[in-house]
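*Asks:* Got a sequence here, can you build the structure:
(chains A, B and C)
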Amino acid sequence: MGWLNAVVQGVLLGGLYALLAAGLSLMFGVMRIVNLAHGVLAVVAAYMGYFLVDKLHWSAFLTLIVVIPAMAGIGYVLQLGLLNPALGRGGLAPILVTFGLAVVITNLLQQFFSADTHSIQTGTIATDSIHITDDISIGVFSLLTFVVGVVVIAGLQMYLSRTRGGRAMRATSDDKDAAQLMGIDNKRIYAKATAIALGIVGLAGVFLGMRTQFSPTAGDATLIFAFEAVIIGGLGSLWGTLIGGMVLGVAQAVGAQINPAYGILIGNLVFLAILAFRPTGLLQKAVNS
Amino acid sequence: MTLLNVDAIDVYYGDFQALYGITLNVKQGETLAIIGANGAGKSTLMKAVAGLMTPASGSITFNGSDVTKLPSYKRVPMGIALTPEGRRIFPSLTVEENLLVGGYSKRTGPWNLASIYDAFPLVADRKDRVGLNLSGGEQQAVAIGRALMSNPDLLLLDEVSLGLAPVVVEQIYAAMPKITNAGTTVLLVEQDVNQALKIADRVQCMLEGRTVLEGTAQSLTRDQIASAYFGI
Amino acid sequence: MSIAENLKVKRATKSSWAGLVIAIVVVALLAMGPYTFGRGMQQNLVILFSLIVLGTMWNLLAGYGGMVSIGQQAYIGIGAYGLVYIADTLGIDPFIAVPIAVIIAGIFSLPISFLAFRLSGGYFAIGTWVIAEVVKLIVEQMDVLGAGSGVSFMALTTLSPGRRIAYVYWLSLIAVVIAVAVTYLLMRSRLGLGFTAIRDDAVAAGSLGVRVTRSKRIVYVVSGMGCALAGAMIAANTLRVQPESIFSVQWSAYMIFIVVIGGIGTIEGPIVGAIVFFALQQWLSDFGVWYLVILGLLAIIITLLLPRGIWGLISGNGRIRLFPVGYRIANPLEKFALIKPAATPEE
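*Replies:* As a prediction, the model looks like this:
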């Protein structure tokens, strides 16, 4: 296994991180909420997938047609029930509420599924790979994850820039009071944004569960990696988030190539270095609010 | 026919009362100008009509239905649009996107992108520029265009000329006949009495939250307006 | 005659004098603990004391400084490892090693603050967590600190268990007094007044000469040192430090729940919160992690419905202040209505 291979695997891993980060980025972009329950919600999606595959014997990819809408629905209700009220309670409230939620969900998962690790069985696709050179082979599943990550980011970008709903979201993000004067109900827009964010989290969570073993506390690392991808890429830029995910993935893969114990540490250090030397991220949005 | 009927509303900011039993009527197709000095409560009145503030007492009836307690986003589909104080253009959206967001409520009528560009050549020129990079006059023109995109029955214009160079104010007011000729009813707040008298059918003058003078634009004399304006 | 001449401004109230007396009596009674309580009770109280210190420090950071950190476990770990390393490996007296470990945490926290302060709000929260993870991952690579399996604290084992537990108990009680007193004095100082201004309007406070970032940095460093003190207490109490548990984000959950439930932004809140937290933890200890589920839900509900927490409820929304940090007008003249509620235009 050479260095080049590590870089290739890292780039592909970045697709998963971007997928995990897109929802975090969207929610922050539209309503300035940093959802600290983001990671554990991805793990909830992974458990949903696991449950359908392991107990009801669904095929792994089929679970998406249930998990994505279910997560989107949870997002919609979560926003209307908890986050909109929290937004009216000042700056600390959304952080405290989403943190409390993360702890509650993590421990509930622990109660119902135990602290053991699980994974979503996908069959042969997990091990299929494409041979490129003697040093490099690309896993079919890794490639698929990467492609899905790029497609989701592109789709979300298109939605935000080209559609009526997307424009309304950006307008609400700019100035929610002025948006109301256009006939936009900002609370519904927020609920829609969180629904989309959690729908993507649902997709990302199932892919996460197909890729690795997960336990109830896997949400911690998931949140951290998603956050690092967002900050490395630069706030407010979805394509930046994709690049941030790839930078993080490469840093982790190359770090693990040096010493398996260093992977995550090097990823974190690269993040801190970017925070220190380029705090606006690699792709900075021209308009800063 | 009366389009808007504001009946004896009191509006407060916390403990501070800004409006004392203000009453006004706007007939279909007419242009009513509210004039008055700073702090007279003109913008508060506009906010109450647009739904940004709720009166503590009194009522607001629009097109025959009671809208007193309705939030602003529910008034837009009914046909009320406000160009707010400070214009509030969406800074990260382009001019064209700002206009499209203005049409969010999907009301149909004479106004669409093409007719806005036609009425405001200034806006057409800047359609791909983001809101952040517009001058004050450009912002005001876009704000009016954006409000018109909802094809309102009642257009509320708050302090159109505030902070703009006189030549820009002239340009913007030049488009007013196109708006009123399209049948749109206009309620405007203006500190510039001359501009207000030029385009308004009727004038209502406010002082410290109360109406002190009202009449048709032709019937009021300079002296009457001056004494009402300054409360002397 | 101006309004100002009619008003008397004072800080202490009857309840605050009572507060001081109560505090002295309670501390004096607790100081007798080793003569009256059993060893198990003393060790439990050390846990409670460390929770009070942690809550007080997190409250200093979030309640006064407006910074929600979920990475203070970095300093808990530095304090714990610092004590063990300085006392065991360097052979310095443990009771001198504690303040040295606290100072070391302060030295670490200063450069860290420059990194963390590049983020704000929720991203600041996760950023501090990443930093704590980095500290943990580095410690796990250091053989001198026992790497992944951790270290045992040996220096105190030369003492008889009764004596050791009593010393740790007293040390922890002193730590509580220091943490509460430092927070109280800090918030009564110009710095505290500045924070009140920042909380009301950061931009205006800045333009009036309140050095916003510097004030926040001071609070961040003090909070880090206080958490290190708690970390040293925890190490001395359990005699074992492991990276996975001492650097666990669970500590942040504890701190947040303690402060939110007790009442954020008051001196008394974290004390009340720590007692409630500790009681629930003991009471529900047979039901696995349900206490965290209950505490988490409680924290969410309190944030949304009762932002001043349990202390706010007890004190009648701030009418009773045992530790007043603000100023109050002794004879408010109602008719002048000095403070008006802010205008709240309809959303």
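*Asks:* Enumerate every residue touching C:D88.
*Replies:* C:151, C:153-155 (CB atoms under 8 Å, 6 or more residues apart in numbering or on different chains). Every C-beta, even on glycine, is put in place using the N, C-alpha and C of the backbone.
*Asks:* how about the strands in chain A?
*Replies:* Assigned by DSSP state E, chain A shows strands spanning A:129-131, A:137-139.
*Asks:* follow-up on the earlier one: quick check: of the contacts of C:D88, which lies closest to chain A?
*Replies:* C:V151 (18.7 Å; CB to the nearest CB).
*Asks:* Run a quick neighbour tally on the closest one.
*Replies:* 21 (other CB atoms under 10 Å in any protein chain shown).
*Asks:* what about B:I60, is that helix, strand or coil?
*Replies:* Three-state call for B:I60 (DSSP: H, G, I helix; E, B strand; the rest coil): strand.
*Asks:* Would you enumerate the residues in contact with the closest residue to it other than its chain neighbours?
*Replies:* Once flanking residues are discounted, B:I60 sits nearest to B:T68: 4.8 Å by CB to CB, 6 or more residues apart in numbering or on different chains. B:T68 sits next to B:9, B:54-55, B:58-60 when contact means CB under 8 Å, 6+ apart.
*Asks:* how about these in CSV, adding neighbour count and pLDDT?
*Replies:* Below are those laid out as CSV (neighbours: other CB atoms under 10 Å in any protein chain shown; pLDDT from 0 to 100):
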residue, neighbour count, pLDDT
B:I9, 24, 90
B:T54, 17, 91
B:P55, 22, 92
B:G58, 17, 91
B:S59, 14, 93
B:I60, 23, 94
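*Asks:* quick one: contacts for C:Y64?
*Replies:* C:187, C:192, C:195, C:199, C:219, C:265.
*Asks:* Show me which residues of the stretch 1-150 of chain A are close to chain C?
*Replies:* Proximity of the stretch 1-150 of chain A to chain C, by CB under 8 Å from any CB of the partner chain, involves residues A:28, A:32-36, A:82, A:85-86, A:88-101, A:103-104, A:107-108, A:110-111.
*Asks:* give me that answer again for 10 Å
*Replies:* For the stretch 1-150 of chain A, the residues in contact with chain C (CB under 10 Å from any CB of the partner chain) are A:24, A:27-28, A:32-36, A:38-39, A:81-82, A:85-111, A:115.
*Asks:* Produce a ChimeraX select command limited to the buried residues of those residues.
*Replies:* Filtering these down to the buried ones (16 or more other CB atoms under 10 Å in any protein chain shown) takes a single ChimeraX command:
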select /A:24,27,28,33,34,35,36,38,39,82,85,86,87,92,93,94,95,96,97,98,99,100,101,102,103,104,105,106,107,108,109,110
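*Asks:* Just the closest residue of chain A to chain B, please.
*Replies:* A:G183 (3.2 Å).
*Asks:* Give the phi and psi angles for that residue, as a check.
*Replies:* A:G183 adopts backbone torsions of phi 90, psi 10, taken as degrees, to the nearest 10.
*Asks:* Give me the neighbour count for it.
*Replies:* Neighbours of A:G183 (other CB under 10 Å): 24.
*Asks:* if I look at it, how far off is chain C?
*Replies:* Distance, A:G183 to chain C, by CB to the nearest CB, to the nearest Å: 15 Å.
*Asks:* now, which of the residues of the stretch 1-150 of chain A next to chain C lie within helices?
*Replies:* Residues of these located in helices (DSSP state H): A:24, A:27-28, A:38-39, A:85-87, A:92-111.
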